[in-house]
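pasting the sequence and the predicted model now:
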Amino acid sequence: MPTSSTHSLLYLGLISGTSADGIDVALVQMADERSAPVADMRAQGSRCELVCGRTYAWNAGLRARLITLGQGQDHVSLDELGALDVQVAMAFAEAACQLLHEAGVTADQVHALGSHGQTVRHRPDGKHPFTWQIGDGNVIAERCGITTVADFRRRDVAAGGHGAPLMPAFHAAMLHSDIEDRAVLNLGGIANFTLLPRAGQVRGFDTGPANALLDAWCERHVGHVYDADGQFAASGNLDEALLSRLLDDPWFATPPPKSTGREQFHLDWVDARLGTLTRAPQDVQATLLELSAATIADALLATQPDTRRVLVCGGGVRNPLLLARIGARLPGVIVESTAMHGLDPDFVEAMGFAWLARETLAGRPGNLPSVTGAHGPRVLGVIHPAT
């Protein structure tokens, strides 16, 4: 049960990331600004505490369909897309209700819920930029009986931004240091950095694939949805020629702000660069891991070379080989889990969307223009009242 306090409220945060490897749900306790207003962003963040976090599996058939759509490999009818929007919302609502049951908390004890949804397409650079996360907030609010904030990214895109990454404001609130330059590295399907200098502007951007290609290649050749402990990659050898082909993609040289997803980095992308090369599957896996490590390290060295500490969250924190390769490419930099700083690495993003829901309800911007490239700060998300 959460700690009782007249100066705190409970919020839920939900997210399924690029890998679609599960629905993360976080129940967090934050300051009740109606009785104890907090003006400073860092003070707001310091009052955000994880009460309970869980990850719930997707239905296998639904997950497979979402991954196919996210990679841009298939077209979908309006009828199917509408149905998927509701199916995803129902899965999110079920996960939220299950966590509340396990935590011994009732819906009327939760002030609000922030839902990221499931990204099916991210095209912030086109003639008509857009990003699309399905999982209808109306359905979640109706099924959970909790005020729901959803659709966080599209307002930033409408304002000229990438709509991503959105976690840097939360990272700054929770993990900034006055004595050293830091970076927060999220290793989801896609890797992204939040740059937290001791003084100066917070920045953030995607660096390219983290787990998305590793997971997909592992599933194709081993039948497992992820490479546990990096064992498949560890069984192979780095292919320098293939790594060079992968690194030649112009996207990696694009300066921030930038963001990406499965529609850019997927198995067809890998196959196209393999071409007529014949390589053992484990060697390709080792090379894909090195691609992730190289692009992450190169991006940090190019944008904040004085970084002393990298704080890692997301599923990739459980891949010791990936962390070791990132560390090897960043000599003199401490690479460690956010757990060392009081944040469970598995639920940082879910906590962040609970935090963003609070910012929205308080009428405060949730984006950082220095990160997304938007024309200015914007209040994010659409509010769906509980009743």
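Thanks, I have the structure now.

ok, longest helix in this protein?
helix 78-103 (DSSP state H).

for the most far-flung residue of the chain relative to its centre, which three-state class applies?
Within the chain, residue 276 marks the point farthest from the mean C-alpha position, 34.1 Å out by CA atoms, centre = their mean. At residue 276, secondary structure determined by DSSP: H, G, I helix; E, B strand; the rest coil is coil.

averaged pLDDT, the longest helix of the chain. What do you get?
Mean pLDDT, helix 78-103: 97.

now that helix: buried residues?
84-85, 87-93, 95-97, 99-100, 103 (16 or more other CB atoms under 10 Å). C-beta: built from backbone N, CA, C; applies to glycine.

residue 31: which of these is nearest?
The nearest member of the buried residues of helix 78-103 to residue 31, counting by CB to CB, is residue 103 at 19.7 Å.

tell me the contacts of the spatially closest residue to the closest one that is not a sequence neighbour?
Nearest non-adjacent residue to residue 103, counting by CB to CB, 6 or more residues apart in numbering: residue 52, 4.2 Å away. By CB atoms under 8 Å, 6 or more residues apart in numbering, residue 52 lies in contact with 26-27, 99, 102-103, 105.

rerun that using 10 Å as the cut-off
By CB atoms under 10 Å, 6 or more residues apart in numbering, the residues touching residue 52 are 1-2, 10, 12, 25-28, 99-100, 102-105, 347.

from those, which is closest to residue 209?
Taking those together and measuring to residue 209 by CB to CB, the closest member is residue 347, at 22.1 Å.

tell me the phi and psi of the closest one?
phi -130, psi 20 (degrees, to the nearest 10).

what does the pLDDT read for it?
pLDDT recorded at residue 347 is 97.

for burial, what's the neighbour tally of it?
Residues near residue 347, counting by other CB atoms under 10 Å, number 24.

I'd say it and residue 22 touch.
No. Assessed by CB atoms under 10 Å, residue 347 is found out of contact with residue 22, at 11.4 Å.

mind listing the helices for this protein?
41-46, 60-70, 78-103, 137-144, 154-158, 168-175, 212-221, 231-234, 240-247, 267-274, 281-303, 320-328, 348-361, 369-372.

which one of the ones you listed has the lowest average pLDDT?
Mean pLDDT is lowest for helix 41-46 out of those, coming in at a mean of 44.

so who does the nearest residue to residue 93 once chain neighbours are set aside touch?
With sequence-adjacent residues excluded and distances taken as CB to CB, 6+ apart, residue 93 is closest to residue 143, at 3.8 Å. Residues near residue 143 by CB under 10 Å, 6+ apart: 89-90, 92-94, 96-97, 107.

how near is residue 143 to residue 100?
12 Å (CB to CB, to the nearest Å).

so what sits against both of the two?
By CB under 10 Å, 6+ apart, the residues touching both residue 143 and residue 100 are residue 107.

hmm, residue 299 is touching residue 210, no?
No. Counting by CB under 10 Å, no contact exists between residue 299 and residue 210, whose distance comes to 11.7 Å.

higher neighbour count, the two?
Neighbour count, other CB under 10 Å: between residue 299 and residue 210, residue 210 has more, with 33 against 23.

for that one, which non-adjacent residue is spatially closest?
residue 191 (3.7 Å).
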